[in-house]
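Colleague: give me a 3D structure for the following:
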Amino acid sequence: MEKKTILNASGTDPNKILPMKYTWARQHYKTGVANNWVPEEVNMQKDVENWKSPTDLSADERRMIMRNLGFFSTAESLTANNIVLAIYKHITNPECRQYLLRQGYEEAVHTDTFIYCCDTLGLNPDEVYAMYQTIPSIKEKDAFVVDMTKSILDDSFKTDSLENIQRFIHDLVGYYVIMEGIFFYAGFAMMLSLLRQNKMVGVGEQFQFILRDESVHLAFGSDLINAIVDENPEAWTSELTSQITKHIMRGVELEYAYAKDCLPTGILGLNADNIYEYIKYIADRRLERIRLSKVYNVANPFPWMSEVIDLRKEKNFFETRVNEYKSGGTLDWE
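Modeller: Residues are numbered from 1 along each chain as shown. Next up is the predicted model:
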C-alpha cells in the first residue's frame, strides 16, 4: 500500500481515514467541534440600541464598524471558496480533508454571522457587500490574495512537479498566513477594543468567536504547510522563502493602509500606527510558525489580544451559554 502523504497519494484510499498519520489534523478537527457556535445564540439587543442611538457611537466608531463588516462579509466567502474549490481537491490525505470540511462549515457560520448582523442592525446590504469593490483599502487586500492564490483555483493545476508543489505552498501561504493570519487581525483588534468599551457587545462577541475559530484555521494551515515542506524539502528553496517573506511584508503594508482607512483619527486607544505595530508583531509570529526568520522584532502593543480568544468568564454563571464551555470529552483534567 502506498505511504500516506499530504499530496499526490494516488494509491491511498481517500475514504480510509484509519490508521491516521497526521494526528495534528485530527486534533484541530476536535478543537473546532468543541468550539462550535452559531450567531443566533448571541444577544444583539444592546447593539441595536447602540446603533440606533444618536449619541452612543461616534461617527468614527460607525465608520470603523462598517469598514470591518464590509471587509469580513465577503472575505469569509473568499476563504470558503478556496477550501471547497481548490485546497480540498489537492489535499489527498483523509484526516486533513476531514478538517477542511470542518473549516468549510465554520466559514459558512462566519458568512451567516454577517448576514445576521446586517439583518439585526438594519444595514443596507448593498452598501456592506459592495465594499470589496468600492472601498480601495478593502479591494486591494482582496485583490492581493486572489492574485496570490490563483494557481490552485486553476482547473488544470496539479501538484505533479516540484515547480507546482512550490506554487501550491506559495498559494497556501497567501490563503492561510496572509488572508487569515494577517488581514483579519487589524479588524479583530478594532472590534474587540470596541467590545472592551462595552459598545456593540453582540457584534464584538461574534468577532471573539470568529477569532477563536481563525486561530485554529491558522494553526492547521501552518501545520499543513510545514508537513508539505517536510515531505518535499527540495521545494523549500531560498528563492521561495524570500518570495514568501516579501509577500508577507506586502500584506503588512496593505493591512496598515486598511487600518488608516478605518481609523483616520484614532479612537478607543487605537490609531493606525499602533495597529501597524500590532500587525508587524503578528507577521513575525506567522513567519516563525512556518519556520522563517522574523523581520520586524517589535513588541506586542496589545497584550490583551492574547487573552481575548478565551470567552469572557466574568458573566453571571446562570447567564452564560453552554457554548462557552468545551464538552467534557475534550477537557484536560490534569
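
Colleague: switch to C-alpha atoms for all contacts and neighbour counts from now on
Modeller: Noted.

Colleague: gap between Pro136 and Ala143?
Modeller: Distance of Pro136 to Ala143, given as C-alpha to C-alpha, to the nearest Å: 10 Å.

Colleague: what's in contact with stretch 228-241?
Modeller: Contact with stretch 228-241 is made by 5-7, 162-163, 165-166, 169-170, 292, as judged by C-alpha atoms under 8 Å, 6 or more residues apart in numbering.

Colleague: just give the closest residue to Thr149, not the sequence neighbours.
Modeller: Asp171 (4.5 Å; C-alpha to C-alpha, 6 or more residues apart in numbering).

Colleague: over to Arg67?
Modeller: Cys262 (6.3 Å).

Colleague: mind listing what that neighbour touches?
Modeller: 63-64, 67-68.

Colleague: and Glu61, by the same measure?
Modeller: Ile267.

Colleague: with Leu153 instead?
Modeller: Leu153 neighbours (C-alpha under 8 Å, 6+ apart): 82, 85-86.

Colleague: so which of those are in strands?
Modeller: Residues of the contacts of Leu153 located in strands (DSSP state E): none.

Colleague: nearest to Asn93, out of the residues you listed: which one, please.
Modeller: Nearest to Asn93 among these is Ala86, at 14.3 Å by C-alpha to C-alpha.

Colleague: quick one: contacts for that closest one?
Modeller: Per C-alpha under 8 Å, 6+ apart, neighbours of Ala86: 152-153.

Colleague: what's around the residue nearest to Ile225 when sequence neighbours are not counted, how many residues?
Modeller: Among residues not flanking Ile225 along the chain, Ile169 sits closest, at 6.3 Å (C-alpha to C-alpha, 6+ apart). By other C-alpha atoms under 10 Å, 23 other residues sit near Ile169.

Colleague: ok, and what's touching the helix or strand in which Ile169 is found?
Modeller: Element membership of Ile169 [criterion: DSSP states H and E] is helix 162-172. By C-alpha under 8 Å, 6+ apart, the residues outside helix 162-172 that reach it are 148-152, 157-159, 221, 225, 228, 234-236, 240, 244.

Colleague: and the residues you listed, which of them are buried?
Modeller: Among those, those buried by neighbour count (16 or more other C-alpha atoms under 10 Å) are 148-152, 158-159, 221, 225, 228, 235-236, 244.

Colleague: of those, closest to Asp112?
Modeller: Distances from Asp112 to the buried ones among the contacts of helix 162-172, taken by C-alpha to C-alpha, are shortest for Gly221, at 22.7 Å.

Colleague: what about the closest one, distance to Gly251?
Modeller: For Gly221, the distance to Gly251 - C-alpha to C-alpha - is 17 Å.

Colleague: please apply the same query to Ala9.
Modeller: Counting by C-alpha to C-alpha, the separation of Ala9 from Gly251 is 33 Å.

Colleague: the two: which is more packed in?
Modeller: Neighbour count, other C-alpha under 10 Å: between Ala9 and Gly251, Gly251 has more, with 24 against 15.

Colleague: residues of the helix or strand encompassing the more buried one that come out buried?
Modeller: Using DSSP H and E, Gly251 sits in helix 238-262. Residues 241, 244-245, 247-249, 251-262 are the ones in helix 238-262 that count as buried (16+ other C-alpha under 10 Å).

Colleague: next one: stretch 71-82
Modeller: Residues 71-80, 82 are the ones in stretch 71-82 that count as buried (16+ other C-alpha under 10 Å).

Colleague: ok now the host helix or strand of Ser77, how far from the chain's centre?
Modeller: According to DSSP H and E, Ser77 maps onto helix 59-82. How far helix 59-82 lies from its chain's middle: 12 Å, per C-alpha atoms, centre = their mean, to the nearest Å.

Colleague: pLDDT averaged over it, what's the number?
Modeller: Helix 59-82 carries an average pLDDT of 92.

Colleague: quick one, that helix and helix 238-262 angle?
Modeller: Orientation note: helix 59-82 sits at an angle of 150 degrees relative to helix 238-262 (axes from the mean of the first three to the mean of the last three C-alpha atoms, to 10 degrees).

Colleague: okay, strands next: where are they in the protein?
Modeller: Counting by DSSP E, the chain contains no strands.

Colleague: start and end of stretch 265-272, how far apart?
Modeller: Stretch 265-272: ends 8 Å apart by C-alpha to C-alpha.

Colleague: so Gln133 makes contact with Glu140?
Modeller: No - using C-alpha atoms under 8 Å, Gln133 is not in contact with Glu140, being 9.1 Å away.

Colleague: higher neighbour count, those two?
Modeller: Glu140 (17 against 14).

Colleague: all good on my end, thank you.
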